[in-house]
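J.: Structure of the sequence below:
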Amino acid sequence: MMRWQTPVIGVCLIFLAAVPAYCQRGTIGVDVGQVSDRFGGLARSTSAEGIVDGEVIVLKSKDEKYGADVVAGGELRLPVDTSSHAWEESLYGGTKFRFGQGLSIGFHVQVHRIYLPASTIDNAVFSRDRLSLLELPGFMEYKFGPERHAFVQAMVGPEFTPHFHARAVTTIPHPILDHGYFIRGTVGYNLGKFYVKGNYETRYFKFRAGTGNPDGLYNWRSDMVTGGVGFVF
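T.: Okay, the predicted model is just below:
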């Protein structure tokens with residue numbers, strides 16, 4: 001089985017489990033754009049990137065103004081150049097609280113796996129470990145305009161100490177996370193059965209200096225701009 005098939009199957013299983021009995025609404029979309037990454041003091045590199053994401057409301061509140069919905073979803077990030085950029089998979093569940101007809105605020109519990117690329121330094125290959133993280137991002141969404149079809153979204157989350165999966169036997173210890181975060185902003189418009197949106201995300205991981213982070217090569221700054229379309233069901 002190819003590496004990307006496992007997360008695709010995982011995302012599909014969430015939708016198959018959630019949609020039939022309880023799901024009141026869901027979305028699935030495809031975005032394309034550009035990601036820019038910099039590791040340590042190395043030169044910044046860019047690549048085209050595709051994203052597949054989806055979300056369903058597993059349990060929907062009957063109160064349309066002040067209820068709380070239980071949601072589940074997932075995301076795949078697939079850069080064209082995987083030799084210099086990470087590809088990622090995540091699954092999440094969470095709660096969305098409504099405050100009136102336009103504003104929603106909530107949080108997700110997210111399992112996130114990041115396949116970091118290797119780098120070549122002075123003709124030597126430095127292989128980074130795969131990261132598995134448990135994230136707790138908070139988000140806000142505001143709908144406005146005619147029939148509240150326009151929307152803006154913001155999501156922010158701290159990064160906690162990841163679990164490392166070594167790609168090969170090595171004597172180098174795992175790096176120690178100093179701090180990390182990500183911030184994402186989205187604007188879009190709902191056209192009924194379809195929607196369009198644009199996204200910007202910035203993310204930063206800083207690890208402590210030491211033998212587990214030689215020359216700061218685990219320190220990672222990533223910026224991504226994408227736009228896409230999706231289907232509402």
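
J.: Show me what S104 is bridged to.
T.: On the basis of DSSP bridges, S104 takes part in beta bridges with R98, E141.

J.: and L116, what does it touch?
T.: If a contact means Cβ atoms under 8 Å, 6 or more residues apart in numbering, then L116 has A86, R128, D129, R130, L131, W220 as its contacts. To be clear about C-beta, it is placed using only N, CA and C from the backbone, and glycine gets the same treatment.

J.: Confirm that the second one sits in a strand.
T.: No - counting by DSSP: H, G, I helix; E, B strand; the rest coil, R128 is not part of a strand but coil.

J.: what pLDDT does the closest residue to it other than its chain neighbours get?
T.: In space, and not counting its chain neighbours, R128 is closest to L116: 3.9 Å by Cβ to Cβ, 6 or more residues apart in numbering. pLDDT, L116: 96.

J.: Could you report the distance from L116 to N199?
T.: 22 Å (Cβ to Cβ, to the nearest Å).

J.: helix/strand/coil for the nearest residue to T82 once chain neighbours are set aside?
T.: Setting aside the residues directly before and after it, T82 is nearest to P117 in space (Cβ to Cβ, 6+ apart), at 6.6 Å. With three-state DSSP as the basis, P117 sits in coil.

J.: P117: neighbouring residues, count only.
T.: Using other Cβ atoms under 10 Å, the number of residues around P117 comes to 18.

J.: same question, F164
T.: Counted by other Cβ under 10 Å, the residues lying close to F164 total 16.

J.: same thing with H165?
T.: Each residue near H165 was counted by other Cβ under 10 Å, and the total is 12.

J.: do the same with G192
T.: The burial count for G192: 8, using other Cβ under 10 Å.

J.: Mind listing the residues bridging to the closest residue to it other than its chain neighbours?
T.: Counting by Cβ to Cβ, 6+ apart, V232 is the residue found nearest to G192 once chain neighbours are left out, at 7.2 Å. Beta bridges link V232 to T27 when assigned by DSSP bridges.

J.: ok, V232 - contacts?
T.: Neighbours of V232 in contact, by Cβ under 8 Å, 6+ apart: R25, G26, T27, N190, G192, K193, F194, Y195.

J.: Make a ChimeraX selection of the buried ones in those.
T.: Selection of buried members from those for ChimeraX, criterion 16 or more other Cβ atoms under 10 Å:
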select :26,27,190,195
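
J.: Nearest to S90 among the contacts of V232?
T.: Sorting those by distance to S90 puts T27 at the head of the list, at 15.8 Å, by Cβ to Cβ.

J.: My understanding was that that closest one contacts V52; is that so?
T.: No - using Cβ atoms under 8 Å, T27 is not in contact with V52; the gap is 11.7 Å.

J.: contact partners of the helix or strand R77 falls within?
T.: According to DSSP states H and E, R77 maps onto strand 68-79. The list of residues contacting strand 68-79 from outside it, by Cβ under 8 Å, 6+ apart, reads 4, 7-8, 10-11, 14, 18, 35, 47-61, 85-98, 106, 108.

J.: Show me where this protein has its strands.
T.: Here the chain has its strands, by DSSP state E, at 26-39, 45-59, 68-79, 87-99, 103-115, 119-121, 124-126, 130-135, 138-144, 150-158, 163-165, 177-190, 194-207, 220-232.
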